[in-house]
Structure formats: C-alpha cells, structure tokens
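Trainee: Give the three-dimensional model of this entry:
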Amino acid sequence: MPETARDTTGQPGGSQHSEGTPALTSSAPADASFSAHVRDSALHAVFGGSPARRSVLKLLGTSAALAAIGSVMPLGDLEAMAEEKLPLEKPELTVGFITISCCTPLIVADKLDLFKKAGLDVELVRTPGWGIVRERVQSGQYEAAQMLAPMPLAMSLGVGGPAHPTALALMQNVNGNSLVLAMKHKDRRDPKSWKGFTFGVAAPYSIHNLLLRYYLAEQGLDPDKDVTIKVVAAPEMPANLNAGILDGFLAPDNLAQMTVHNGFGFIHMLSRDIWAGHPCCGFGASEAFIEKAPNTYLALMRAFAEANAHVSKPENRKEAAAIVAQPKYLNAPVEVMEAVLIGKFQDGLGNERTVPDRIGFEPFPYPSMAVWMLTQMKRWKLIGGDVNYKQIADKVFRAASAQKLLAEAGLPVPAEPYAKLTIGGKTFDPDGADAYLNSFAIKAS
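Mentor: Numbers count the residues shown, from 1 in each chain. Below you'll find the model as predicted:
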C-alpha cells in the first residue's frame, strides 16, 4: 500500500470539485446468494440426494428442515465456517474518498491497518468530486467508495447519470453537517428574511440538498423560487462565502468549522437540529463487484465496521482527529478536526458549544432512511414517475448483511430496519410514504 493516499492524478494532494424515468434493475445481494448456497449444501449433506430431499421438503417444508439442522448446528456458524475457507477473489482494491470529515472511519481503517488485517491491500484515492466518484465506481476503476447517502439510490435508478446498480453497505456517519451563514448576516437569523439568498450544496443527490430544502420549506420559503441553491465544490464553500458569492451553505462540519476558524461566517444550526441521527455519507460498492468478489466485499465491509466501532468511542475521537487532519488525508488544522469529532466548538458568534453527537458513526443503513430520501427526491422532482419505495430501499440499503457485519464488530444491531423516524419534530412512517409526501404544502410544481 502506498505511503500516502493519492489524488486523481496519482500524486499526494488534490482538491475536490462537485458534479456539475427511474428504472431499477438489480440481482440478489451476493451475501444472500452465498447464504442460499450454504443452506442448500446443508440440506443436501443431511438429507441426501434429490429424491430424499424432495420427500423431506414436501413433508416438512424448507423452513422446518433448516430449523431442524439449525437446532444441531446453527446455519450462521456454517456460513461463517464456509466464509473463512473461501479465499479473497481480489485482495488489491482501489477505494475513493472525498476530503470531508464524514470519511473518518475509512481513513482510520487505513491508518490502523484494519484493511491489511483483513487480508486486503487497499489504496485510498483522494477524489476531486462526487461526479468523479460516481464515474469511477461505474467504470470499475473503484471497487468501492465513500458516497453521499442518496447517491446509490440515484445511481441504481439512473437519475443524474447512467443506471448502475449500486449498494450502500454501511453508513460512514450520521449528523456531522452545519448550516452556515456569512458573517454579514449575523443579524438575519430569521429564515423568513432570507428571500433572495444563494446557498451552496455539494451535489443535487445529497442529504445536504434534501435537508436544506426541507428546512427552508418548513420556514415557509420555496427552495426553487425564494432562494437559489447551487452546486459548489465543498472545499470552495468557505472562500465563496467570504467572497459574497454565497450567503450560506449546508455542508460537512470540517468546512463549517473552517469557516468559523477563518472568521468568514457562523454556524446558524447543526444538521442534527433538523434531523437528529440523519444519514450523511455511506460506504458504497457496485453490485458487479459484489457479485464477482463476494468474499473480498465482506472482508472490506468487516474492516470498515471495525473502524466504525473504533471511532464511535469518545475516548478515540482525539486520536481520530489527529489522523484525519494529516496532509495526505484532509490536510486540516487539528483543532478544527477536534472541534468536529469531539464536539466542543466555537460557533462564530462568540459562543462555545458542547455537542458530543455533533457527528456520529452509527453504521446501520436503515431502509426507512432511504424511503424518506426518495420521498424528498420525488418532492423536488429529482426523480419522477411512480416509486416503489421499499423495493428500491431494500435493493440499495443492505440491511440484512449490515446486521451480520455489525454483530461481528460488536456494534448494536437494530431489530427493526424500517424504524419510524423523527424529522423536523414530525414522525415519518415509511409505510405511509405517499401520504407523507402529499402532506407538504410546498413542493416542486
């Protein structure tokens, strides 16, 4: 593995730039196929050849037959044993990341040699922008990459680019963003006074765009008529704010804190104050890679889950801040990264705040989060036509495999993937997605 993470040209350093009717085609997840193979093998080993097996299955049914086997040897143990014996199909991998604080688990996995421990030789590539991440995952140049949480949905649906079935295996982070305003607006904290403002977001298919639009609409502003929302490369947002090109932006907290650090603006609110526990970035992979190299994919995800468990602990946050601040990663002042990861920070208005969950590292990809994002993408006409919310969510947000990986890493495993969410003080029930969407007075016309 190289000593330094490289940028798009293969050299240390580099800067990030942003990316300038739905149809979903997807095969079964690789881990599901592997599990099916193990179950089939177990049935064959215990009940013999085809005639005997057909008789047993006809009498008991597959579930009862598997339960009988499981009472003696849990199938999960058989799967684990089988996985351990299978070699890694492609141990050398290229993984893309973006220079924002959301990538902390990925960077820590690299620095602490967790990939190497899993038998992998992973080269992390600092990537100029989200559009390039998408292109390189689709072309196979990257086997996996840091992705904005809505990106795999857009990629799988073929919106904003060619359709390319993509899985979001685990979340990288939750919360971890701020709505920032230029210092000249410190006396204009009421959103009703923001008509005519220009805001920056890193990409159309980002939680930043969806949360900003949600917040503005809740304040009575039409995001498409009363303000301008433009795509701006995330690292360029502080300078754009200082130059008067932007009045504000919603972006990852290292950029928000750097804005405060430089005296360019102030933190109006944290994204967690709109939706506590919202998804931000995830770890995504092409289905083509998962199908061709299922054991490699699982090894990669296990290493990432272990890193997530590490950075989830408060006692490891200071160390993590020092790691990600390094020039080959985010190249940021250590005090800025500590303010983000530890949650003790200046807000730019003379206040020191302590918010331990300013950023969190809860990796479970709740499909209900995907359903909410799809409702908002439809609300603002980022997708069109009829949307089978749960079908798409299940194919993209891989909850079943995540439950297994998190259990192995010693992390909490949610019992209900389709948990109800609280967003803007209101309950979102994924079973009532269309009713929820239709309840909004402000939406794209």
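
Trainee: Tell me where the stretch 101-250 of the chain has helices.
Mentor: Secondary structure of the stretch 101-250 of the chain, counting by DSSP state H, counting those that start in this stretch: helices at 104-111, 114-117, 130-139, 151-157, 207-218, 237-242.

Trainee: among those helices, which is nearest R398?
Mentor: With distances scored as CB to CB, the stretch of those nearest to R398 is helix 151-157 (9.7 Å). Every C-beta, even on glycine, is put in place using the N, C-alpha and C of the backbone.

Trainee: Now find how far off-centre that closest one is within its chain.
Mentor: Averaging C-alpha coordinates over helix 151-157 and over its chain gives two centres that are 12 Å apart (CA atoms, centre = their mean, to the nearest Å).

Trainee: That one packs against which elements?
Mentor: helix 130-139, strand 166-171, strand 281-286, helix 367-379, helix 389-396 (3 or more CB pairs under 8 Å, 6 or more residues apart in numbering; DSSP states H and E).

Trainee: which residues touch the nearest residue to K186 once chain neighbours are set aside?
Mentor: Take K186 and drop its neighbours on the chain: the residue closest to it by CB to CB, 6 or more residues apart in numbering is F266, 6.0 Å away. By CB atoms under 8 Å, 6 or more residues apart in numbering, the contact list for F266 reads V180, L181, M183, K186, T259, V260, D347, G348, L349.

Trainee: what do you get for S368?
Mentor: Contacts were defined as CB under 8 Å, 6+ apart; by that measure S368 touches A393, P417, Y418, A419, K420, L421, F428, P430.

Trainee: what about 6 Å?
Mentor: When the contact criterion is CB atoms under 6 Å, 6 or more residues apart in numbering, the partners of S368 are Y418, A419, L421, P430.

Trainee: Which helix or strand contains the second one?
Mentor: It stands for A419. Secondary-structure element containing A419, defined by DSSP states H and E: none, the residue being outside all helices and strands.

Trainee: any idea how far the closest residue to it other than its chain neighbours is from T104?
Mentor: Distances taken as CB to CB, 6+ apart put S368 closest to A419, at 5.6 Å, once the chain neighbours are dropped. For S368, the distance to T104 (CB to CB, to the nearest Å) stands at 24 Å.

Trainee: Of all the helices and strands packed on helix 151-157, which one is nearest G200?
Mentor: Comparing the helices and strands packed on helix 151-157 against G200 with CB to CB, the closest turns out to be helix 130-139 (13.6 Å).

Trainee: I'd like to know which elements the closest one is packed against.
Mentor: Counting contacts by 3 or more CB pairs under 6 Å, 6 or more residues apart in numbering; DSSP states H and E, helix 130-139 is packed against no other helix or strand.

Trainee: Pull the residues that contact that helix.
Mentor: Counting by CB under 6 Å, 6+ apart, residues outside helix 130-139 touching it are S18, E19, G96, T127, Y142, A145, G161, H164, A203, S286.

Trainee: Look up the pLDDT of A68 for me, please.
Mentor: The predicted local distance difference test score for A68 is 55.

Trainee: picking up where we left off before, ok, the contacts of S368 vs C281, which is closest?
Mentor: The nearest member of the contacts of S368 to C281, counting by CB to CB, is L421 at 18.0 Å.

Trainee: how much space between the closest one and K192?
Mentor: With CB to CB as the criterion, L421 and K192 are 26 Å apart.

Trainee: So for those two, which sits in the more crowded spot?
Mentor: Summary of the neighbour comparison: L421 and K192, criterion other CB atoms under 10 Å, with L421 having more neighbours (19 against 10).

Trainee: what sits against the more buried one?
Mentor: Taking CB under 6 Å, 6+ apart as the definition of contact, the neighbours of L421 are S368, F428.

Trainee: Repeat the analysis, applying 10 Å as the threshold.
Mentor: 275-278, 366, 368-369, 371-372, 427-430 (CB atoms under 10 Å, 6 or more residues apart in numbering).

Trainee: Please apply the same query to H185.
Mentor: If a contact means CB under 10 Å, 6+ apart, then H185 has S193, W194, F197, L241, D247, G248, G265, F266, H268 as its contacts.

Trainee: Need those in a markdown table (columns: distance to K443).
Mentor: Shown next, in a markdown table, are those (distance: CB to CB, whole Å):
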| residue | distance to K443 |
| --- | --- |
| S193 | 23 |
| W194 | 19 |
| F197 | 20 |
| L241 | 28 |
| D247 | 23 |
| G248 | 22 |
| G265 | 29 |
| F266 | 30 |
| H268 | 24 |
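
Trainee: can you name the two of those that are farthest apart?
Mentor: The span of the contacts of H185, defined through CB to CB, is set by S193 and L241 at 17.5 Å.

Trainee: more neighbours, the two?
Mentor: The neighbour count for S193 versus L241, taken as other CB under 10 Å, is higher for L241 (26 against 11).

Trainee: From L341, how far out is the nearest residue to G284 once chain neighbours are set aside?
Mentor: The shortest distance from G284 to any residue that is not its chain neighbour, by CB to CB, 6+ apart, is 3.9 Å, and that residue is M147. M147 is 21 Å from L341, where distance means CB to CB.

Trainee: Buried residues, stretch 262-275. List them.
Mentor: Neighbour-count burial for stretch 262-275, counted by 16 or more other CB atoms under 10 Å, picks out F264, G265, F266, I267, H268, M269, L270, S271, R272, I274, W275.

Trainee: do stretch 356-366 as well
Mentor: If you call a residue buried by 16+ other CB under 10 Å, then stretch 356-366 has these buried ones: R358, I359, G360, F361, E362, P363, F364, P365, Y366.

Trainee: same thing with stretch 86-96?
Mentor: By neighbour count with 16+ other CB under 10 Å, stretch 86-96 contains the buried residues L88, P91, L93, T94, V95, G96.

Trainee: next one: stretch 185-196
Mentor: Neighbour-count burial for stretch 185-196, counted by 16+ other CB under 10 Å, picks out H185, P191, W194.

Trainee: Could you report the distance from S156 to A320?
Mentor: For S156, the distance to A320 (CB to CB) stands at 31 Å.

Trainee: who has more neighbours, the two?
Mentor: For S156 versus A320, the count of surrounding residues by other CB under 10 Å is larger for A320: 26 against 23.

Trainee: ok so, going back, save the buried residues of stretch 356-366 as CSV, and put in secondary structure and pLDDT too.
Mentor: Written out in CSV, the entries for the buried residues of stretch 356-366 read as follows (DSSP: H, G, I helix; E, B strand; the rest coil; pLDDT from 0 to 100):
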residue, secondary structure, pLDDT
R358, coil, 98
I359, strand, 98
G360, strand, 97
F361, coil, 96
E362, coil, 93
P363, coil, 95
F364, coil, 96
P365, coil, 97
Y366, coil, 97
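
Trainee: and the two most separated of the residues you listed?
Mentor: Greatest spatial distance among these (CB to CB): R358 and P365, at 21.1 Å.

Trainee: Quickly list what C281 is bridged to.
Mentor: Listed beta-bridge partners, C281: L148 (assigned using DSSP bridges).
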